[in-house]
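# Requesting a structural model of the entry that follows:
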Amino acid sequence: MPCLFAVFALLTPRLLIVFLWFFTTWFQGIFTSLLWPILGVIFLPTTLLWYSAVHHWFGGQWSLWPIVGLVVALLIDISPAGGRRRPKPA
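Now for the predicted structure:
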């Protein structure tokens, strides 16, 4: 079951955030303002999920593996969706 949530989070992070927001208490107490989660959903949804996971699973301690996960989440969020394509040789 956790693997299915991981795949679901990578494919559709915004839907997972909405599900967690309305049906669980996953984000409760993590953010002091509603502005940061809204900006996270719009611009960096995978990073928002990882940030909240660090607060739940690692107790908010930013050691090596949470930082590695943060870098991976940022790369997922800012990478181009289409990828780079080389022109076909003539």
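
# and G60, what helix or strand is that in?
Using DSSP states H and E, G60 falls within no helix or strand.

# Hmm, it is touching V54, no?
Yes. Taking CB atoms under 8 Å as the contact criterion, G60 and V54 are neighbours in contact, 6.5 Å apart. Any C-beta I mention is one placed from the backbone N, CA and C, and that applies to glycine too.

# out of these two, which sits in the busier spot?
It is V54, of G60 and V54, that has more neighbours when counted by other CB atoms under 10 Å, with 21 against 11.

# Please name the nearest non-neighbouring residue to the more buried one.
Spatially, and ignoring its direct neighbours in sequence, V54 is nearest to P66 (4.5 Å; CB to CB, 6 or more residues apart in numbering).

# was I right about that neighbour contacting H55?
No. With contacts defined as CB under 8 Å, P66 does not count as touching H55, sitting 9.6 Å away.

# I'd like to check what contacts the helix or strand bottoming out on mean pLDDT in the chain. Which residues are they?
Taking mean pLDDT, DSSP states H and E as the measure, the helices and strands of the chain show their lowest mean at helix 2-11, namely a mean of 72. By CB atoms under 8 Å, 6 or more residues apart in numbering, the residues outside helix 2-11 that reach it are L15, L16, T46, L49, I76.

# could you redo the last one with a cut-off of 6 Å?
L16, L49 (CB atoms under 6 Å, 6 or more residues apart in numbering).

# ranges for the helices of the protein?
Along the chain, the stretches classed as helices by DSSP state H are 2-11, 13-23, 35-43, 45-57, 64-78.
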